[in-house]
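1. pasting the structure only:
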């Protein structure tokens, strides 16, 4: 009997032309029908075994529940079909019915027709059917119920006779129920559970069968829906999420760069999500986990100072703090704030009582208490956001810690001065050293360098920089040597002096600086230029614009967190009456209010202005004023509302059009790089859909561009230590290499052994892909791009045994170009591949020294010995003989030493020997380094990895320089490349290979041989680590660069090899 209000379950029936065919074993051309005789219902079903959900067909972009519209076919394999019937109004539904089906591919070579027909010996289902006719219903097993008839019904099971007629507790059939017209061979033997049950009525005349369709589809594709202007907002959070998903999808779809970024990133599970009300907009902040192997170091920024009148609650404090742009639009005061009452908790009441026991000591405390009494209730999400991330209301540049440039943690002023002097001494200039030092020191460190430089060398650093550099690069370097206040003074003086006035610069500086900064400027300006700033402004400007600048220079803007509601409404009314509501404009009233109200008071005034005008305050300023006065008033409004947003507009002006305003660009980046450049960068990207770094990269060039990008670099990217390079002593998280290097024990490759591997099946598929006209490259990529070395060699052997053909030869004949070469190398044994690469490097005119160094410096002793043996068998000549005949000098001796394969493989370090070796290297470099390379050969080829790392560190401690610096300075040519390759491999093999890959793709063309060799040889060892190292070195995904530098089937096969193991089926 059905539950109250429920429906009969639908019936799942395979439609087979053979009357004796099995209803559980079908082929891919058999249609499956789901039917129910109840009118006006909908049937929903799934084919993957999941529970059908008729009320939520969309789940994070994946659709598993389908609306039944007609018969459909299934793909090969074990299939579990589940179905449910639901009324159109959604108030009644049936239990879920389950059908298990074995689907065979009718057109495969292994397809057996007997699987779908009963034979005399087939007792699996035919005999069961006959025996079931004589069985009592109570004796039937679950297998029979599941596979023969109505299936396994999920949910409560109510009394049901096996004739298909449902009965109630009085054993009478339902009046509205008509027995479905079942085929007799599917039904159970009819039994009379009730003796007086009348015979069933004749079957009704059914309408013509529905049109059979080849596919089953959902009612409407979610991503094709039209975006509505607003979400419902009526409590239906699911439809609100649909609205957000659709908007995000359409936004990303139209942005090429965003599509590429989202396409290449790998997102894990969502960790946190927050909704922030920013007044006129909402901000959704979501945090996703990164997969293992892709994490990069990230340092949390210093926390912002908390606003005094905020009461931080430990109960609602977020455990994880993410660095996000602060809510620059402060909490907006309510227009009817006086009518709101705080609902204090007992704790708050007791706190207020304790406060009342003493008088406030300062004016600030009085304003805090007053503001607390008028604070409107706010949403919990907003309060958390404002407490942790909001720009301080009493604004000073010193307390905003959201800059990209931070103090250098290993600052050594004498060392920096010496390096700067060396970089500019003699012929030529080391611009990279200038960029590295001045682009990574805070303003107080740069001023310290400037003063110490003069004391150490008796020279002015600014003059030396000016004499050795030129153009915009020179201007930017000289500007970096000023203190922030001193720099603002120079910029203001430059804006005023000469013909004409740079009103933009005056407005930007005076409208965006804090009172404290303006006071410092007023004090320093006369000392530098023998005249006060106000005098210069009065002499060079006129009219209301002069009055505006003079008012700003006074640095008398109130600094208070208190909002006076009466004054807010009054000022808003006066602004309205002075502009839109008046014939003409009273500019003095705008100047008076905008220059003499606190930040929070002005924000409240701008909000209250809407009570009197239908337009925003900015729109009325644009319509009521003009020229420099309008720009100045708009700048004040923009700064008060969104300070980072104001500087974004300044940067857009500087980078707009064919040329670039370098003075404006320099001023914004220098003045904000230690204050709020992180917020500005995020605001810039949100506004322009393009990162600030990308825009600067495309609009500038040379060393000037390098220095700008260095200043814009995020703090977590500034992790280099003095005297070190980016590849030195770098640890990759979750990807440690063994202390004793061996290719077989490192399991950090992207390529793993395929599950359910069948070499014969893969060989047949490859033969079919290359047989006849045309080639199925997709099948070739799918197979060879997802099998490890051992499996590929098995396929190669199976192909030869079964088809008596050479797989490599067939691939060569059916493919061409780089795609063919990559396939050929994939079918070689790793040792054979190294041998062929070495032979290719030494044969013909010239020698590929980089390939030889890469292989010999990055193979274990065991692999090198195998290479020597295999090389002789393959080419009839020893590797050592070929290398000796093609190289010479110290480089040949280094290679011969490496080829012996006798480097110690131990983790033990002899401290005394390490000190002796480090000192011997120092002696060799200081006395006769140019002729004593034998000392280096001896050490690098006869010390273990652990010992060499200790020697490198000891060398740096004793000499104050890294080993790489000495090698680059004292050697050249092939011997330098060989020694540096060994050093980098010892420090970090993944970083070494990341550099090699970048070199292979650098320039107009790609070195496909290098690309192929590294990707194939490292795909099963440490390619995951190499991808992370590449991201660390070049701030770009390796797959993205390869995709941009290659094309066609070659690119597809490379990217298939690059897939993470979790992405492989």
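-> Yep, it's here. Quantities reported herein were computed from a predicted structural model and do not represent experimental measurements.
2. what's around residue 896, how many residues?
-> By other CB atoms under 10 Å, 17 other residues sit near residue 896. No exception for glycine: its C-beta is placed from N, CA and C like everyone else's.
3. residue contacts, it?
-> 880, 883-884 (CB atoms under 8 Å, 6 or more residues apart in numbering).
4. can you pick the most crowded of those residues?
-> Most surrounded of the contacts of residue 896: other CB under 10 Å gives residue 883, at 21 neighbours.
5. surely that residue is within a helix?
-> Yes: looking at residue 883 with DSSP: H, G, I helix; E, B strand; the rest coil, it is inside a helix.
6. which residues does the nearest residue to it once chain neighbours are set aside contact?
-> Nearest residue to residue 883 in three dimensions, chain neighbours excluded: residue 895, at 5.3 Å (CB to CB, 6 or more residues apart in numbering). Contact analysis of residue 895 by CB under 8 Å, 6+ apart lists 852-853, 856, 883, 887, 978.
7. just the ones in strands from those residues, please.
-> With strands taken from DSSP state E, there is no overlap with the contacts of residue 895.
8. please tabulate the contacts of residue 896 in CSV, including the columns distance to residue 505.
-> CSV is the format used below for those (distance: CB to CB, whole Å):
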residue, distance to residue 505
880, 69
883, 65
884, 68
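9. from those, pick the one nearest residue 472.
-> Nearest to residue 472 out of the contacts of residue 896 is residue 883 (CB to CB; 49.4 Å).
10. ok, the contacts of residue 895 vs residue 1045, which is closest?
-> residue 853 (23.0 Å).
11. can you tell me the closest non-neighbouring residue to the closest one?
-> Per CB to CB, 6+ apart, closest to residue 853 is residue 981, 4.6 Å.
12. what segments of the stretch 551-700 of the chain are strands?
-> Along the stretch 551-700 of the chain, no segments are classed as strands by DSSP state E, counting those that start in this stretch.
13. where in it is pLDDT low?
-> Counting by pLDDT under 70, the ranges of the stretch 551-700 of the chain that qualify are 658.
14. at which residues are the helices of it located?
-> Along the stretch 551-700 of the chain, the stretches classed as helices by DSSP state H, counting those that start in this stretch are 565-578, 587-595, 599-608, 617-624, 627-641, 643-655, 662-672, 677-688, 692-699.
15. using TSV, lay out those together with distance to residue 38.
-> Shown next, in TSV, are these (distance: least, CB to CB, whole Å):
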stretch	distance to residue 38
helix 565-578	65
helix 587-595	72
helix 599-608	59
helix 617-624	61
helix 627-641	61
helix 643-655	60
helix 662-672	69
helix 677-688	53
helix 692-699	60
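16. how many residues are close by residue 562?
-> Residue 562 has 19 neighbours, counted by other CB under 10 Å.
17. what's the residue nearest to the spatial centre of the chain in contact with, if anything?
-> Central residue of the chain (CA atoms, centre = their mean): residue 265, 4.6 Å from the mean position. In this structure, residue 265 makes contact with residue 1037, judged by CB under 8 Å, 6+ apart.
18. quick check: the gap between it and residue 820.
-> Note on residue 265: its distance to residue 820, by CB to CB, to the nearest Å, is 32 Å.
19. cool, and residue 898?
-> 32 Å.
20. residue 833 too?
-> 16 Å.
21. next one: residue 88
-> Counting by CB to CB, the gap from residue 88 to residue 820 is 59 Å.
22. pLDDT weak spots in the stretch 101-250 of the chain?
-> Along the stretch 101-250 of the chain, the model assigns pLDDT under 70 to residues 106-221.
23. thought residue 606 was touching residue 617?
-> Yes: Residue 606 is in contact with residue 617 according to CB atoms under 8 Å; the separation is 5.0 Å.
24. now do the shared contacts for those two.
-> residue 637.
25. the more surrounded of those two?
-> In this comparison of residue 606 against residue 617, neighbours counted by other CB under 10 Å, the higher total goes to residue 617 at 26 against 22.
26. which ones are touching the more buried one?
-> Counted by CB under 8 Å, 6+ apart, residue 617 has contacts 575, 605-606, 609, 637.
27. residue 425: which of the residues you listed is nearest?
-> residue 637 (51.0 Å).
28. and that closest one, how far from residue 594?
-> Distance, residue 637 to residue 594, using CB to CB: 7 Å.
29. if I look at the two, which residues touch both of them?
-> Joint contacts of residue 637 and residue 594 (CB under 8 Å, 6+ apart) are residue 602.
30. hang on, isn't residue 717 packed against residue 1032?
-> No: Residue 717 is beyond contact range of residue 1032, at 9.2 Å (criterion: CB under 8 Å).
31. quick one: which of these two has more around it?
-> A count of neighbours by other CB under 10 Å puts residue 1032 above the other of residue 717 and residue 1032, at 20 against 16.
32. sort out which residues of stretch 276-290 are buried, please.
-> Going by neighbour count (16 or more other CB atoms under 10 Å), the buried part of stretch 276-290 is 276-277, 279.
33. stretch 821-834 too?
-> Buried residues in stretch 821-834, counted by 16+ other CB under 10 Å: 821-828, 830-834.
34. contacts for it, please.
-> Identification of contacts with stretch 821-834 by CB under 8 Å, 6+ apart yields 743, 780, 784, 789, 792-793, 796, 807-808, 811-812, 815, 836, 855, 859, 863, 866-867, 870, 874, 1008-1009, 1012-1013, 1016-1017, 1050, 1053-1054.
35. only whichever of those residues are buried, select them in PyMOL.
-> Entered in PyMOL, the line below selects the buried ones among the contacts of stretch 821-834, by 16+ other CB under 10 Å:
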select buried, resi 743+780+784+789+792+796+807+808+811+815+836+855+859+863+866+867+870+1008+1009+1012+1013+1016+1017+1050+1053+1054
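36. for residue 693, see how far away residue 715 is.
-> Following CB to CB, the distance that separates residue 715 from residue 693 is 15 Å.
37. next up, the contacts around residue 46.
-> 52, 64-66, 81-82.
38. switch these over to TSV; also include neighbour count.
-> Below are these laid out as TSV (neighbours: other CB atoms under 10 Å):
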residue	neighbour count
52	23
64	16
65	22
66	20
81	22
82	22
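39. run a quick neighbour tally on residue 429.
-> 17.
40. give me the secondary structure label for it.
-> coil.
41. ditto for the one 5 residues further on
-> With three-state DSSP as the basis, residue 434 sits in helix.
42. ok, and what's touching stretch 469-482?
-> 429, 431, 434, 438-439, 446-447, 450, 461-462, 465-466, 487, 490, 662-663, 666, 670, 700, 702-704, 707-708.
43. buried subset of those residues?
-> 429, 431, 434, 438-439, 446-447, 450, 461-462, 465, 487, 490, 662-663, 666, 670, 700, 703-704, 707-708.
44. with neighbour numbers in mind, choose between residue 898 and residue 820.
-> residue 898 (23 against 17).
45. report how many residues lie close to the residue nearest to the more buried one when sequence neighbours are not counted.
-> Spatially, and ignoring its direct neighbours in sequence, residue 898 is nearest to residue 856 (4.3 Å; CB to CB, 6+ apart). By other CB under 10 Å, 25 other residues sit near residue 856.
46. hang on, residue 856 packs against residue 900?
-> No: counting by CB under 8 Å, residue 856 stays clear of residue 900, with 10.2 Å between them.
47. list residues touching both of these two?
-> residue 864.
48. sorry, back to before: quick one: closest of the helices of the stretch 551-700 of the chain to residue 501.
-> helix 627-641 (8.5 Å).
49. now do the same for residue 30: its pLDDT.
-> pLDDT for residue 30: 87.
50. and it, what does it touch?
-> Applying CB under 8 Å, 6+ apart to residue 30 gives the contacts 14-16, 73-74, 103, 116.
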